[in-house]
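1. Sequence first, then the predicted structure:
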Amino acid sequence: MEAALGFIGLGSPCDISVDLDAASTRRYVNQNPTSSTLHSSTKSNNDNPLLLPLFTESETVSGKVTVSLKDGKHMQHRGIKIDFVGTIEMVYDRENSQQFTSLERLLEDPGTLTATKTYRFEFTNVEKSYDTYSGINVKLRYFLRVSIVRSQYTQDICKQVDIAVQHLVDKPLSNQEIRMEVGIEDSLHIEFVYHNSKFHLTDVVIGRIYFMLVRINLKRMELEIRKRESAGTGANVYNETETVMKFEVMDGAPVRGEVIPVRMFLGACRALTPSYRSVNNKFSVKYYLNLVLVDETDRRYFKQSEITIWRKSYQTV
Amino acid sequence: MPPSHSSLSDTDEGREGRYLRESIASVRLHAQRLRRALDADRLDEAVKIAADVAAELRSIAAAELSPKLYYDVYLSVGAELRVLENYAMESARRGAPVLELYERVQETPLVLPRLYLLITAGSVYIKSQQAAAKDVLRDLVEMCAGVQHPQRGLFLRAYLSQMMKDKLPDVLSEDEHDEDSNDISAGTVHDSISFVIRNFTEMNRLWVRMEREASTRDIEVLEKERLELRILVGSNIATLGRLVGSNLDLYKTEVLPAIVEQIVKCNDSIAQEYLADCIAQVFPDDFHLQTLEEFMHMCKDLKKGVNMRIILSSIIQRLSRFVSSSSEAKHAAIQTGAFTVFRDKLPAVAKHQGSSLNLTDRLRIHVELMNFTLCSEPNRTDYVDDVLGFTVHDMQKFLGSTYDHGKKSKSFRKISTTYKPLITDDELLALDVLTKPLDKFKSVGSVLKLENFVVLQNFLSYENQKALAARLLLSAGGYSKCIHNVNTLKKLFRYVAPLVLEKRVGSDAEAEGTGGDGMYQKFDMSTITYHHEYLLALMPVGSSTAPQLESSQSLSADTSAISEEDTEQFEKNQELVARIVYLCEDENIGEALSLYIVLRQELIRGGGKRLSITLPSLMFASLRLALRCSKTNCDGDLVERILSFAAESVELLPDSSALLALRLRLHIAGTAASLGGVSRFVYDNISSGFVAYEQHITTSRDQHKALQQIIATMGFVRDALPEDSFEALANRAIKHATRSLTRSDQCVLLCMCAKVAPKSMKGSPISCLMKAEEAAECCVNAAERVLLMLDVASCAAQVHETKMANVCEGQFLGELMKKVREIMSSKQNKGSALGKVVAIRYGKLVGYLKQRLDVFEGLDGSEL
């Protein structure tokens, strides 16, 4: 295919590869996790993991770029450069996408490339303020882009290499419990307590549900983690709510006075990200603990409470 | 796959079977994957597959299964989880941290499989000693609250207790803990107990809840299912039993109160019944003895309608067996006052249960309690009486009461005074309660201390009353003298009244009675048909005033009642009554006599037919008293009183027993004669004998026998009588002898008279002999004739020897012998069998006479 394209002049005359320094010792992040849901084992494995090298906030991004020509051909160009770009991309609203960071290094002045050539590059202490994020309507990416600028009627040759960025957060100073009494008059009255309202990504939600009055025949009770992603601004806000984790905490019908323990390991949910509040005024991600009671007729009663997820340690593979 | 509900032809069993096969097949399928994952050391995957295995216990198919079939799925899941457990244990041995697994399994999204895996991991965790057993136990038992579905929850917790069974710490305190292996202190037996109790509590709650949840389902099916599941709950108590071991303190302070609280609180009859029985069965006997109070207290708090019979019988039976096993056990029972606990608590339990504890069950409990009392404290008749009292109380409660009705209105009284009849089973149980003490005490004296005995006896049917009274009398095997005073004797007669009186004693009689000693009111005076006034004088004061002699109609009814009875049994029973006299203390003769008088009064109530069996022994006993009295030189007056007592007694016998009466009179005469100084008794009794002979003895055979006895007695008493008195009697005897119907009777009796008759009188011995010979010669039968003549001859020889008459004078004897010889020599008698007999007897007599020719002067020896 590529050979055929080359023959008609559309194929790329050269290959570009980017090798980051210390790539073999670097930690990697899977940027395409399968979200954890009920019946995990039935989930197919066809979303292949997308492994990205992990960088921290102001870490230097350096490495080398190799441009290798095919079949000893010559290639004219109008300069070779590399960019470090940070973008927030609106998946369904490209116009509102935004580059919040862009740094450029020129690797080669315009001329003719006669042989495979390797260039070093370095973005020293480049600022990476946000976490990479891959949501439904919005993506926050950092990537390196190598461009070989060609003559006017010839398409530039580009190569993008994504990297992942994660920020660690200090343990929150205050971490209030969530306690709430809810119910339906004369038929259901419960009180639930979660010991914390802020959780790190592999934290454990510990709590209890007290049944003070049960006049409906319940079948089971679940705890869900719901993720609410708001992308865009103004009139073009896309809200998307997704249940990223379902966790059954009770099977059967409790009677009055029953206390059901909750212990949910968040680590089981690979799709979990930290909560984000108005990232560059472009998007927010909020999480909710949703307590769902299901009765005999499959009617659902629920109450959700917002929680904050923070990153205590890097999520690497 | 949800099972289809479409096929209508499916029977329930068929459908269930299919669900079961489906479930088991799925488990197997997952299990294969599990093994493969473990073989490849892919633990993460293995955990997920294991969750799938366990999830079969919550599948739609499994939800349709009855407990029995669900149990099959449970077992196969358990077997597969063991594969994971073994693998994890192996890794732990190599040093892998079990905590990782313990946390990993908790990521399982479904609660039921999650908890199965958690228990499995927890088991490894404890076994690896990487965690303190007590912490893991506490965590597991708490987390299991996530399953609130009764059947699934019960099995889950059953899995928990089964997996932890061998991992429960059993040391009493932390200090004892063996610290050489690691630093973690696993915990103590207290931790284990609180774990088991908590799990037990939760299981019980789930079990109880089944009832409430399934409102739509068939109650019968449901209760059956509950019964199938009970063993899961009960096994916790067994575990507790093992943990407690022999530590009474632990049981008393920690285990029992917790179980009791749960049993009482759950307020479910099936659970209460089963669990209380579990306690009774699981823990050692001596524990029960020490905590009986608590146990009974719990029984009081159980729900109405719980089958108390099962619970109480079970505990009482155990204790009975226990106290019978060793003397230490018995000692312990006495020390802890086990009986008093029952006595004090049982009424409250019964009261709380009210009518839901029916009479049959109550009686069964009483039988057990009686048994226990007799095993543990056989000497406490008051305790035994208490038990009888309970029975009486319940009888009155259930059958209507004759007591406490004085204040109530008349109409009510009428209803309440008649007891409903007992059903057969109940009656047998009541009988059982009554006979147990008899068989144990084997002493009438002890039984007489039981005040409630008679009251309870009154509830029985007449037949059983009699049987019981007979058993009482039979139980006194050794006949030790246990009746020392009149009151005791009277009391005994209240016990044996059914045998003495003509009809059932108890409520009916009392109801109709107009006052006084109610029990005897119904006695039918008309059974005594002769000497009425005389007898009435002998009757107890109270009864003689009440119903006067009734018409002959009731008499006939009465006799028919008796004739319908099994005569043999009747006689046996009356013989037992007759033996009561042997129970009377007779050390002091005067007191014994007054006892006898009362005894006779009591016996009179039985009427003539009974008296003829019951009186003789009393009379003989009184004659023995008289003999002893004369030997000890006591008051002559007393002797006379005894003899009059005996003579009076004979008067009581009915006409039909005239021969017996005669014999007894002759005995009195004989005894009086041997005592000396009381000749009037001798004369009086013999003369009365003649009167009886003349008036009441009608058949010739009886007459002959009677006359023989009279004459024989006369021979014995001759010296005790003044001559004229004796002559009068002798003349009467000779007169009657002469008037005998057959010649042979005349001959025999006259011979006897000859021996007795005094020389002086007109009808002297010699004339008797002559009359006898005449009678003999009149016999048509030659053989009889010759034998009688020989008899007369030997009698003559005897009379001669006693010098009462000279038979040689006038050749009476010689002539007689000659006649005999003549008959012997006649042809037809020679050589016959009779001839030989006669020859032998004749030879013997001749031989005798020849030896003593000096005595028989005038007898020509050569002629013989």
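-> Cool, got the structure.
2. where in chain A is pLDDT low?
-> Where chain A drops to pLDDT under 70, the residues are A:1-11, A:33-48.
3. Which residue ranges make up the domains of chain B?
-> What the record gives for chain B is the domain set B:284-441, B:461-653, B:657-721, B:738-864, from automatic domain parsing.
4. which of these has the lowest average pLDDT?
-> Looking at the domains of chain B, the lowest mean pLDDT belongs to domain B:461-653 (a mean of 66).
5. Flag every residue of the stretch 101-250 of chain A that's near chain B.
-> Remark: the part of the stretch 101-250 of chain A in contact with chain B comprises A:Asn217, A:Arg220, A:Met245, A:Lys246, A:Phe247, A:Glu248, A:Val249, A:Met250, using Cβ under 8 Å from any Cβ of the partner chain. For every residue, glycine as well, the C-beta is placed using N, CA and C.
6. pretty sure the fifth one is touching A:Met221, no?
-> No. With contact defined as Cβ atoms under 8 Å, A:Phe247 and A:Met221 do not form a contacting pair (10.0 Å).
7. And the pLDDT for B:Met203?
-> pLDDT at B:Met203 comes out at 94.
8. is it fair to say B:Gly677 lies in a helix?
-> No. For B:Gly677, which was evaluated using DSSP: H, G, I helix; E, B strand; the rest coil, the result is coil, with no helix membership.
9. next one: phi and psi at it?
-> Main-chain torsions, B:Gly677, degrees, to the nearest 10: phi 80, psi 0.
10. can you count the residues close to it?
-> Other residues near B:Gly677 number 12, with proximity taken as other Cβ atoms under 10 Å in any protein chain shown.
11. Next: B:Arg841.
-> 17.
12. Contacts only, for the closest residue to it other than its chain neighbours.
-> Here the nearest residue to B:Arg841 in space, its sequence neighbours aside, is B:Leu790; by Cβ to Cβ, 6 or more residues apart in numbering or on different chains that works out to 5.3 Å. Applying Cβ atoms under 8 Å, 6 or more residues apart in numbering or on different chains, we find B:Leu790 in contact with B:Val820, B:Val838, B:Arg841, B:Tyr842, B:Leu845.
13. so which strand or helix has B:Leu790?
-> Secondary-structure assignment from DSSP states H and E places B:Leu790 in helix B:782-801.
14. how about that helix as PDB, C-alpha atoms only?
-> The C-alpha atoms that make up helix B:782-801 are tabulated as PDB, following Å, rounded to 0.1, in the frame of the first residue of the first chain:
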ATOM      1  CA  ALA B 782     -70.300-105.100 100.400                       C
ATOM      2  CA  ALA B 783     -66.900-103.500  99.900                       C
ATOM      3  CA  GLU B 784     -68.000-100.300 101.500                       C
ATOM      4  CA  ARG B 785     -69.500-102.200 104.300                       C
ATOM      5  CA  VAL B 786     -66.400-104.200 105.100                       C
ATOM      6  CA  LEU B 787     -64.200-101.100 105.000                       C
ATOM      7  CA  LEU B 788     -66.500 -99.100 107.200                       C
ATOM      8  CA  MET B 789     -66.700-102.000 109.600                       C
ATOM      9  CA  LEU B 790     -62.900-102.100 109.800                       C
ATOM     10  CA  ASP B 791     -63.000 -98.300 110.400                       C
ATOM     11  CA  VAL B 792     -65.400 -98.800 113.200                       C
ATOM     12  CA  ALA B 793     -63.200-101.500 114.600                       C
ATOM     13  CA  SER B 794     -60.100 -99.400 114.600                       C
ATOM     14  CA  CYS B 795     -62.000 -96.500 116.100                       C
ATOM     15  CA  ALA B 796     -63.300 -98.800 118.800                       C
ATOM     16  CA  ALA B 797     -59.700 -99.800 119.500                       C
ATOM     17  CA  GLN B 798     -58.700 -96.200 119.800                       C
ATOM     18  CA  VAL B 799     -61.600 -95.400 122.100                       C
ATOM     19  CA  HIS B 800     -60.700 -98.300 124.200                       C
ATOM     20  CA  GLU B 801     -57.200 -97.200 124.600                       C
END
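15. next helix or strand past it?
-> For helix B:782-801, the following helix or strand on the C-terminal side (DSSP H and E) is helix B:812-825.
16. starting at the chain centroid, how far to the very next helix or strand once past that following helix?
-> Proceeding C-terminally, helix B:812-825 gives way to helix B:833-851 as the next helix or strand, assigned by DSSP H and E. Relative to the mean C-alpha coordinate of its chain, helix B:833-851 is positioned 63 Å out (Cα atoms, centre = their mean, to the nearest Å).
17. and if you look at stretch B:259-279?
-> Relative to its chain's centre, stretch B:259-279 lies at 34 Å (Cα atoms, centre = their mean).
18. what sits up against it?
-> Contacts with stretch B:259-279, where a contact means Cβ under 8 Å, 6+ apart, come from B:197, B:200-201, B:204-205, B:207-208, B:211, B:223, B:226-227, B:230, B:233-234, B:237-238, B:240, B:256, B:294-295, B:297-299, B:301-303, B:305-307, B:310-311, B:314.
19. go on, stretch A:267-275?
-> For stretch A:267-275, the surrounding residues in contact (Cβ under 8 Å, 6+ apart) are A:30, A:33-36, A:131, A:133, A:169, A:201-203, A:225, A:227, A:244-245, A:247, A:266, A:285-287, A:307-311, B:107, B:109.
20. For the residue of chain A found nearest chain B, list the residues it contacts.
-> Here chain A gets closest to chain B at one residue, A:Gly252, 2.8 Å apart by Cβ to the nearest Cβ. For A:Gly252, the contacting residues are A:Leu218, A:Lys219, A:Arg220, B:Val147, B:Gln148, B:His149, B:Pro150, B:Arg152, B:Gly153, taking Cβ under 8 Å, 6+ apart as the criterion.
21. go again using 6 Å as the cut-off
-> Residues counted as contacts of A:Gly252 (Cβ atoms under 6 Å, 6 or more residues apart in numbering or on different chains) are B:Gln148, B:His149.
22. ok, and whichever residue of the stretch 751-864 of chain B sits closest to chain A, which helix or strand is that part of?
-> Proximity of the stretch 751-864 of chain B to chain A (Cβ to the nearest Cβ) peaks at B:Met752, 103.1 Å away. B:Met752 belongs to helix B:743-756 when assigned by DSSP H and E.
23. Output that helix as PDB, nothing but the C-alphas.
-> In PDB, the C-alpha atoms belonging to helix B:743-756 read as follows (Å, rounded to 0.1, in the frame of the first residue of the first chain):
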ATOM      1  CA  ARG B 743     -75.000 -94.600 105.800                       C
ATOM      2  CA  SER B 744     -71.300 -94.100 105.200                       C
ATOM      3  CA  ASP B 745     -71.500 -90.500 106.300                       C
ATOM      4  CA  GLN B 746     -73.300 -91.600 109.400                       C
ATOM      5  CA  CYS B 747     -70.800 -94.200 110.100                       C
ATOM      6  CA  VAL B 748     -67.800 -92.000 109.700                       C
ATOM      7  CA  LEU B 749     -69.300 -89.100 111.800                       C
ATOM      8  CA  LEU B 750     -70.500 -91.400 114.500                       C
ATOM      9  CA  CYS B 751     -67.000 -92.900 114.800                       C
ATOM     10  CA  MET B 752     -65.700 -89.400 115.300                       C
ATOM     11  CA  CYS B 753     -68.400 -88.700 117.800                       C
ATOM     12  CA  ALA B 754     -67.400 -91.900 119.700                       C
ATOM     13  CA  LYS B 755     -63.900 -90.500 120.000                       C
ATOM     14  CA  VAL B 756     -65.200 -87.200 121.300                       C
END
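24. Determine the set of other helices and strands touching that helix.
-> Under the contact criterion of 3 or more Cβ pairs under 6 Å, 6 or more residues apart in numbering or on different chains; DSSP states H and E, the helices and strands touching helix B:743-756 comprise helix B:700-717, helix B:723-738, helix B:765-777, helix B:782-801.
25. Which strands or helices does the shortest one pack on?
-> What that stands for is helix B:765-777. Counting contacts by 3+ Cβ pairs under 6 Å, 6+ apart, the secondary-structure elements packed against helix B:765-777 are helix B:743-756, helix B:782-801.
26. what sits up against that helix?
-> Contacts of helix B:765-777 with the rest of the structure, by Cβ under 6 Å, 6+ apart, involve B:743, B:746-747, B:750-751, B:753-754, B:757, B:785, B:788-789, B:792, B:796, B:799, B:804-805.
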